[in-house]
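Student: Following is a predicted model, sequence given first.
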Amino acid sequence: MQTGESPTASSGKLASNSVGIAHIVFFVVAAAAPLTAVVGATPPAFAFGNGAGVPGAFVLAGILYLIFSVGYTAMSRHITGAGAFYTYIANGIGKPAGVAGAFIALLTYSAVQIAVYGLIGVFTNGAMAALGLDLPWWVWSFVVLVIVHLAGQRNIAFSGAILGVCMLAEMLILLLLDIGIILHGGGPEGMTASAFMPSTVFTPGLGVSLVFVVGSFIGFEATAIFGEEAHRPEITIPRATYVSVLLIAVFYAFSTWAIVQYYGPSKIQETANGALNTLYFDAASTVIGPWAAHAMNILLITSLFACILSFHNTLNRYFFALGREGLAFKVLGKVHEIHGSPHVAGMLQSGIAAFFLAAFAITGQDPFAVVFSYMSALAVLGILSVQALVSIAIIMFFRKDNKGYGPWRTTIAPLLALVGLAGAIVLVISNLGLLAGASNIVVDSFPVLVVVVGVIGAFFALSIKKASPERYAALGRVFAD
């Protein structure tokens, strides 16, 4: 249907059967930004954390999120909708908690997106300056914002195709480096599996490493957000979730293990401390050739672009869900007549990102030390908080009716995930200054900010209950089983 209003547009529902497992995995892994996470996040984990045990830390984080996925995917078979976490929490804990989770999720994903806009501005500025076009970082950030916005207005499969190309390219360059290291027989200490040994992993620096490692998994939970647009969501979403978590965990663990082999388990911590920005580039230049380091620089930009596009689509669907249920302007719940995309929600959230980027640019904030570092720290804290709420929601949801599942899926696994996530929150708060790159009143206030945003969301839901009981009763139930 090319003209007029489609059934999708009139019903306020996103285009169904638009994406399969591959598209969703592309979105999730692209959001995790493999190249950016490995090249950018693991050097400080090596330097300030448990050194050679970082690959093992990725395995531990992967196990935590696989356990989280047990209850998460079980619930996804009965609760679908673009609101994902919001819908889960509302149906498990209650509507006020659901809206609180939605507000924290919006804060989290907005922070991630703004952080990456700042970082892509820095890298693009460096690449273009080398070609003789030296413009401020924020110019490139806004150019990317326009491109991402236009892509987000299209059908979800369009973005999925772009993300697939970007993801495969960035993973390919890292795999070339990993395989090259293996073919060279490792480094001065040869090849060893000590990076996964308990004696190497469980050292005093493990907590610091986990702060960076857990942050590298941000976005995997977005699988459920595409439930309305997925083909056979009851099968597609669980499979996409497990595939995504396994792919991220295995790939990160393998890549960090390879770099440990190159520098040597006994030298990796010291080396990383002196080469936080060049650890992987130096190895790529030696193992593959100088061209690889240049290619890695270019692919870092495409990696960041893919990350932004993925979170852009995630945020669009959160705003769409809130608009459709009357928690925000109802116009946000409209979908494009042709593409079936939440295009109005996309306009709002692109406008929000543009506002904050402009504010950072006008006030002269450093795009890396402030925009990226601060916003990343806030995002990690926010997403862990929402995931903890979801774990509680899963337990409470299945207490009403176990839907035929055993205690492992309905209680034990979600409870284990909750304990692990709570521990991760404590670690992040304890190391917030390290994660943000600074310790000041702004950074120190992030835990309070997350709580305040959640409380505002809960009170907002209660105000709706008082003013419009019918609208309150419908919250979180649009696509509930």
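Tutor: That came through fine.
Student: Residue 143: what's it in contact with?
Tutor: residue 124 (C-beta atoms under 8 Å, 6 or more residues apart in numbering). Every residue, glycine included, has its C-beta placed from N, CA and C.
Student: let's see it at 7 Å
Tutor: Listed by C-beta atoms under 7 Å, 6 or more residues apart in numbering, the contact set of residue 143 is empty.
Student: so where does it fall, helix or strand?
Tutor: helix 137-152 (DSSP states H and E).
Student: Ok, residue 254 next?
Tutor: Applying DSSP H and E, one finds residue 254 within helix 233-263.
Student: Can you name the next helix or strand after that helix?
Tutor: Next along the chain after helix 233-263, taking DSSP H and E as the criterion, comes helix 268-274.
Student: Name the residues that touch that next one?
Tutor: Helix 268-274 is contacted from outside by 43, 46, 47, 51, 52, 260, 263, 279, using C-beta under 7 Å, 6+ apart.
Student: Next SSE downstream of the worst-scoring helix or strand of the chain on mean pLDDT?
Tutor: When each helix and strand of the chain is scored by mean pLDDT, DSSP states H and E, helix 7-11 comes last, with a mean of 42. Where DSSP H and E defines the elements, the next helix or strand beyond helix 7-11 is helix 21-32.
Student: how far is stretch 184-199 from where the chain is centred?
Tutor: Stretch 184-199 sits 30 Å away from the centroid of its parent chain (C-alpha atoms, centre = their mean, to the nearest Å).
Student: Which positions within it qualify as buried?
Tutor: Along stretch 184-199, these residues count as buried under the neighbour rule (16 or more other C-beta atoms under 10 Å): 186, 187, 189, 192, 194, 195, 196.
Student: How many residues are close by residue 414?
Tutor: Residues lying near residue 414 (other C-beta atoms under 10 Å) number 28.
Student: Next one: it relative to residue 90, how far apart?
Tutor: Distance of residue 414 to residue 90, given as C-beta to C-beta, to the nearest Å: 17 Å.
Student: and if you look at residue 219?
Tutor: 21 Å.
Student: The two: which has the busier surroundings?
Tutor: residue 90 (27 against 24).
Student: my guess is that one meets residue 476, correct?
Tutor: Yes - Residue 90 is within contact range of residue 476, at 2.8 Å (criterion: C-beta atoms under 7 Å).
Student: Now the common contact residues for these two.
Tutor: In contact with both residue 90 and residue 476: residue 98, using C-beta under 7 Å, 6+ apart.
Student: low-confidence ranges in the stretch 301-450 of the chain?
Tutor: Applying pLDDT under 70 to the stretch 301-450 of the chain flags residues 326-329, 333, 336-341.
Student: Can you say which helix or strand has the residue nearest to residue 41 when sequence neighbours are not counted in it?
Tutor: Using C-beta to C-beta, 6 or more residues apart in numbering and skipping residues adjacent in sequence, the residue nearest residue 41 is residue 212, 4.8 Å away. Using DSSP H and E, residue 212 maps to helix 206-215.
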